[in-house]
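*Asks:* here's my sequence, what's the structure:
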Amino acid sequence: MSNTRKAAAKTSATDRMRAARAQAERSDRIRRRVVVGGASAAVLALVAGVAFAVGGSSGSGSADAAASGPLVVPANTGGQDGTVITYGKADAPHTLEIYEDFRCPYCEQLETTTGKAVQQLADDGTYKIEYHLATFLDKNLGGKGSRTALAAAGAALNEGVDKFKQFHDVLYANQPDERTDGFGDVNHLLDLAGQVPGLKTDGFVKAVQDGTYAPWAAKVNEEFDKSDVTGTPTVKLDGKKLDVLTGGKAATPEQFTAMVKQVTG
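*Replies:* Model prediction:
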C-alpha cells in the first residue's frame, strides 16, 4: 500500500473512531445527568460498597400502566407545551429556574435546607419559580419512583399550583433512600398526599392510581433532556447559574439570598 493510501486509511479510521466516540458521548448524556459536582449517585454508591436495590410495590395503577396512554396535561401548567410548572407572581421581574428529580438526594438537601428561603422570595415577588422536572434517575438507579412521583405531582398541579408546591415539599421532606425506590408505590404517594390539606380529592386519588399524568411526566422529562442541564439540582436566575451546592453541601438561606441580590441588584 502506498504512503498516500496508508495515510488516507489512517485518517478514515481516525474519523470513524471520533464519530463513534461522539455517538457514545451522546448516548451517555442522559445517564450522566446524575453528575453533580463531578460525582454521581451511582459512583458514590459504588464507593460506599453498596448496590442499588429496586424495592417497593408499585401498587395498583402504577405510572407504567398508563405511560403509553393518551397525553393529559394538568391544569395550571406553563410553557408552550405545558411542561413547565410556574410558582409565584406572573409579573415578577425575574425568573428562577429549578431543575430537579424527585429521587435526587442533592435536590432533597437543597429543598430541605434552603427551600423556605427560595419560596419566600417568590412569595415576596422578587422572582417567579419555573420548575423543570426530570425522571432520569429511574434509568440510572432502576425503578420508577421519579416518574411515578412526577405523575402524582401532575395530579396535584391539576388541583392547583399551591397544592403542587405543598406536595412537592412533602415529597422532598419524605424522600426515601434512592436505592429503595419508595416513590414507586402509588399507595405511599397517596399517604404522603394526606399531609397536604385538601389535596386528596376523588379526582386526585383516581389520577394517581390510574397514572393519568404518566404520559405527561414522560413529556416533561423529554423537555428536560433537551436542556443544557447536566446535573440536578441546577438553579438559574435570569439564565445565570447559581452555585447552590458547594462541596456537596447546599447553600444556606443566607447564602442563597445573597446570590439572588447579586443578580437582581
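*Asks:* His132: what secondary structure?
*Replies:* Three-state call for His132 (DSSP: H, G, I helix; E, B strand; the rest coil): strand.
*Asks:* separation between Glu108 and Asp124?
*Replies:* To Asp124, Glu108 is 24 Å away according to Cβ to Cβ, to the nearest Å. (C-beta placed from N, C-alpha, C; glycine too.)
*Asks:* ok, now Asp210?
*Replies:* Going from Asp210 to Asp124 by Cβ to Cβ gives 38 Å.
*Asks:* of these two, which one has the most company?
*Replies:* Asp210 (20 against 11; other Cβ atoms under 10 Å).
*Asks:* look up how far Asn158 lies from that one.
*Replies:* Distance, Asp210 to Asn158, using Cβ to Cβ: 13 Å.
*Asks:* for the chain, where's the lowest mean pLDDT among helices and strands?
*Replies:* helix 41-47 (a mean of 36; mean pLDDT, DSSP states H and E).
*Asks:* find the residue at the geometric middle of the chain.
*Replies:* Centre of the chain computed as the mean C-alpha position; nearest residue by Cα atoms, centre = their mean is Asp101, 2.5 Å away.
*Asks:* give the contact list for that residue.
*Replies:* Counting by Cβ atoms under 8 Å, 6 or more residues apart in numbering, Asp101 touches Cys107, Leu133, Ala134, Thr135, Phe136, Leu137, Ser146, Thr232.
*Asks:* again, only this time at 10 Å
*Replies:* Applying Cβ atoms under 10 Å, 6 or more residues apart in numbering to Asp101 gives the contacts 33-34, 41, 107-108, 133-138, 140-141, 145-147, 149-150, 178, 221, 224, 231-233.
*Asks:* next: Val161.
*Replies:* By Cβ under 10 Å, 6+ apart, the contact set of Val161 is Ala75, Asn76, Thr77, Gly78, Ile85, Thr86, Tyr87, Gly88.
*Asks:* and the fifth one, bridged to which residues?
*Replies:* Looking back up the chat, that one is Ile85. Note on Ile85: beta-bridge partners by DSSP bridges are Tyr131.
*Asks:* that older thread, from the contacts of Val161, keep the buried residues only.
*Replies:* Buried members of these, scored by 16 or more other Cβ atoms under 10 Å, are Asn76, Thr77, Gly78, Ile85, Thr86, Tyr87, Gly88.
*Asks:* related to what we said a few turns ago, which neighbours do Asp210 and Asn158 share?
*Replies:* Listed contacts common to Asp210 and Asn158 are Val72; contacts here mean Cβ under 10 Å, 6+ apart.
*Asks:* which residues in the stretch 51-200 of the chain form helices?
*Replies:* 63-66, 105-123, 136-141, 145-159, 161-173, 186-193 (DSSP state H, counting those that start in this stretch).
*Asks:* quick one: closest of those to Ala258.
*Replies:* helix 105-123 (10.6 Å; Cβ to Cβ).
*Asks:* in that closest one, what's buried?
*Replies:* Buried, per 16+ other Cβ under 10 Å, within helix 105-123: 105-111, 113-115, 117-119, 121-122.
*Asks:* again, but for stretch 170-177
*Replies:* By 16+ other Cβ under 10 Å, the buried positions in stretch 170-177 come out as Val170, Leu171, Tyr172, Gln175, Pro176.
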